[in-house]
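Trainee: here's a sequence, model it:
(chains A and B)
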Number of protein chains: 2
Amino acid sequence: MNLRIPGPTPCPPDVLDAVGGQMINHRGPEFAALLERLSSGLQPFFQTRQDVLLMTCSGTGGMEAAIVNTLSPGDRVLAVSIGAFGDRFAEIARLYGADVTVLEVEWGRAAEAEQVRAALRAGSDYRAVLVTHNETSTGVTNPLKEISDVVHAESDALLLVDAVSSLGSIPLVTDAWGVDVAVTASQKGWLVPPGLAMLAFSDRAWEASERATMPRFYLDARMHRDFAAKGQTPTTPVLPVLYGLDAALARMQQEGRDAIFERHARVAEHTRRGVKTLGLTLLAAEAVASDTVTAVRVPEGVDGKALSRVLRQERGTVIAGGQGKLAGKIFRIGHLGWVDEPDIDRALDALRATLPEVRSEEAVARA
Amino acid sequence: MNLRIPGPTPCPPDVLDAVGGQMINHRGPEFAALLERLSSGLQPFFQTRQDVLLMTCSGTGGMEAAIVNTLSPGDRVLAVSIGAFGDRFAEIARLYGADVTVLEVEWGRAAEAEQVRAALRAGSDYRAVLVTHNETSTGVTNPLKEISDVVHAESDALLLVDAVSSLGSIPLVTDAWGVDVAVTASQKGWLVPPGLAMLAFSDRAWEASERATMPRFYLDARMHRDFAAKGQTPTTPVLPVLYGLDAALARMQQEGRDAIFERHARVAEHTRRGVKTLGLTLLAAEAVASDTVTAVRVPEGVDGKALSRVLRQERGTVIAGGQGKLAGKIFRIGHLGWVDEPDIDRALDALRATLPEVRSEEAVARA
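Mentor: Below is the predicted model:
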């Protein structure tokens, strides 16, 4: 099966071998060594000097952790949303009692730093700005560095970043860019199965966590930090994913961070070119198109669901549909993690063969 | 390594093979079939007609889900605590704003139904009673059926049960016993790695979830229920543990629920007898001693840490220490999940050989 969705992504065989390893005591020395190796192995990819926290949950759990550990009910929050995951980030903050203003950007476009500046000037006293680095639902990457510069120039707000489908695959310089909380998840660019969120908190975010009163126990970051200092997690961790990450980081270190970023840029460009060659239209402008997932408009006369079904059943290719208001209007091709041009070529070949089969008779007649 | 802690527990080879399976689309038909198979496969072990929810988190996350989905800040809660996990359950409720009264029972003893009755009569308007079915930190099993009868006779409170280290290993009849939320976790009696909590909500608990205002998103039970109805989880699930559980349930169905319960009772009795034969003292009275974990007093003149270390380093046997106020005072032997008498015999042999080596000179002289 050519699994070409933007997560879970395929895992290399040596990673899967590690995932299937036998259980160990999560309060013993072997686990302490593993935890230390993972946290320090992740730092160069996060480009942070902070410890990287490992939480047993999906990326959404990590996003919730970013909010509840730094904010209090009533805090003013600016949520920059360019798609379904931006909306989710805002919704979590609202559910926990934040006073959320949403800067809504048309799906398929990126947020511009000047829009964020205007929104910050129109409001006041924002305690946090929520930004999606790479919006998985639309295949758009925000100019995070520029947005961060504006956030820190215009306010004292914390910058909380959903980097679920960007970190480890495309450049994100957590410390130098002034990201206060960066969240990613195992099943995206990290070559491992889902079940693990990884987070880095800046010094300012740690200070905020001392005052933040949103309730939390399972997702308590300080508890994770304090347990990590003694080589443990607060509660029983998802060992299979941690074992896998150990093997995956060895692979990623061997390839090298910059080479990984270059490969993702190259494969993404290859994907976009191939899609256009098939006569299809990209959702996003190429200047902001994501290097980890490509959103393609479902052509007129084609039933998106039939396209996905035939690709899966007849051609061993799994693509993702649209989410929220883009359901039925786009399909998405994931190209992050363990991926290279031949994987994309096979998917494009499958698309080329399938598209004529799922075009309605009217559309064929019209063409 | 003979991993004899009360979770994570060793996994059979066929389960580990399944755990290392390749990723699939968690929004596709293959996953929907898996989810349905797991939920319905769990029902006979929960002894419930309710759907069993699968959440990607540890057992503690499941305990938090039981609370935040049924309660509101200010709700009066009676927490029956007989150990570290009972304290944790109470603490989570308190953190989310519940008005918690703790019925504290000496560690090593069970709560008696009449104590619970007295506590309920002394207070009023309890919205929920929190009970640990099997207290992992002390190796004690509460008389849950009796406690449940009292709770429902004396109040309208919901009965929220931490069944993390009991369900699937010892009898718990969720529906017939009137348990409103039952929570268990994958790494205990289920033959699979950590990373998954499993929960059943009664009709009353579902009704309570409509009114409950404690904030939640990642652990939202209704969102899990609604997504399960379309064969999905709200966020990306921990596939390796779900794959493993599929293989584990096949094994458990083959052995049979009652045979599993009998094996646990038999192996536990074998463990207690063996420990006493070594001249050691059990923490719990035998009438309430757990059939999934046995707590043993560290004998005078023995350094508990040295005992654990030598067992691990010299004899390939991993035991658990004491938690909280029992740290250094007890050690614990896990016997749940994939376990039989020979595993215990090997652990007892290792103990027999190690104990004389870690006794202080004074203790030896005194003896």
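
Trainee: look up which residues are beta-bridged to the residue in the stretch 251-367 of chain A that chain B sits nearest to.
Mentor: Of all residues in the stretch 251-367 of chain A, residue A:318 sits closest to chain B, at 5.0 Å by C-beta to the nearest C-beta. Every residue, glycine included, has its C-beta placed from N, CA and C. Bridge pairing for residue A:318 (DSSP bridges) gives the partners residue A:3.

Trainee: what does the pLDDT read for it?
Mentor: Residue A:318 carries a pLDDT value of 98.

Trainee: what does residue A:367 give?
Mentor: 63.

Trainee: same check, this time on residue A:364
Mentor: Residue A:364 is assigned a predicted lDDT (pLDDT) of 69.

Trainee: contacting residues for residue A:246?
Mentor: A:18, A:34, A:37, A:38, A:41 (C-beta atoms under 8 Å, 6 or more residues apart in numbering or on different chains).

Trainee: flag the shaky bits of the stretch 251-367 of chain A, pLDDT-wise.
Mentor: A:364, A:367 (pLDDT under 70).

Trainee: how about the residues of it near chain B?
Mentor: Counting by C-beta under 8 Å from any C-beta of the partner chain, the residues of the stretch 251-367 of chain A close to chain B are A:312, A:318, A:320, A:321.

Trainee: which of the three states applies to residue A:38?
Mentor: Look at residue A:38: counting by DSSP: H, G, I helix; E, B strand; the rest coil, its state is helix.

Trainee: that one contacts residue A:248, correct?
Mentor: No. The criterion here is C-beta atoms under 8 Å, and residue A:38 misses it with residue A:248 at 9.8 Å.

Trainee: okay, the two: which has more neighbours?
Mentor: Each of residue A:38 and residue A:248 has its neighbours counted (other C-beta atoms under 10 Å in any protein chain shown); residue A:248 has more, 27 against 19.

Trainee: the more buried one sits in which helix or strand?
Mentor: For residue A:248, the host element (DSSP states H and E) is helix A:239-255.

Trainee: show me the helices in the stretch 151-300 of chain A, by range?
Mentor: A:203-211, A:221-229, A:239-255, A:257-277 (DSSP state H, counting those that start in this stretch).

Trainee: quick one: the third one to helix B:239-255, angle?
Mentor: Taking axes from the mean of the first three to the mean of the last three C-alpha atoms, to 10 degrees, one finds helix A:239-255 and helix B:239-255 inclined to each other by 140 degrees.

Trainee: so which bits of helix A:239-255 are buried?
Mentor: A:239, A:240, A:241, A:242, A:243, A:244, A:245, A:246, A:247, A:248, A:249, A:252 (16 or more other C-beta atoms under 10 Å in any protein chain shown).

Trainee: touching, residue A:274 and residue A:344? I think so.
Mentor: Yes. Shown here, residue A:274 and residue A:344 form a contact pair, counting by C-beta under 8 Å, at 6.4 Å.

Trainee: ok, residue A:352 touching residue A:280?
Mentor: No. Counting by C-beta under 8 Å, residue A:280 is not a contact partner of residue A:352; they are 10.2 Å apart.

Trainee: who has more neighbours, those two?
Mentor: More crowded of residue A:352 and residue A:280, by other C-beta under 10 Å: residue A:280, with 19 against 13.

Trainee: what's that one sitting at in phi/psi?
Mentor: When read as degrees, to the nearest 10, the backbone of residue A:280 gives phi -100, psi 160.

Trainee: just give the closest residue to it, not the sequence neighbours.
Mentor: With sequence-adjacent residues excluded and distances taken as C-beta to C-beta, 6 or more residues apart in numbering or on different chains, residue A:280 is closest to residue A:296, at 5.1 Å.

Trainee: what does residue A:186 give?
Mentor: Nearest to residue A:186 is residue A:196, by C-beta to C-beta, 6+ apart, at 3.9 Å.

Trainee: number of nearby residues for the one you found?
Mentor: Neighbours around residue A:196, by other C-beta under 10 Å: 30.

Trainee: phi and psi next, for it.
Mentor: phi -140, psi 130.

Trainee: isn't it up against residue A:245?
Mentor: Yes. The criterion here is C-beta under 8 Å, and residue A:196 meets it with residue A:245 at 6.9 Å.

Trainee: which residues are common contacts for these two?
Mentor: The contact sets of residue A:196 and residue A:245 overlap at residue A:186 (C-beta under 8 Å, 6+ apart).

Trainee: what residues are up against the residue of chain A found nearest chain B?
Mentor: As assessed by C-beta to the nearest C-beta, chain B sits closest to residue A:20 within chain A, at 2.9 Å. By C-beta under 8 Å, 6+ apart, residue A:20 lies in contact with A:240, B:16, B:17, B:19, B:20, B:240.

Trainee: try residue A:67
Mentor: Residue A:67 sits next to A:89, A:92, A:93, A:96, A:98, A:128, A:130, A:160, A:214 when contact means C-beta under 8 Å, 6+ apart.
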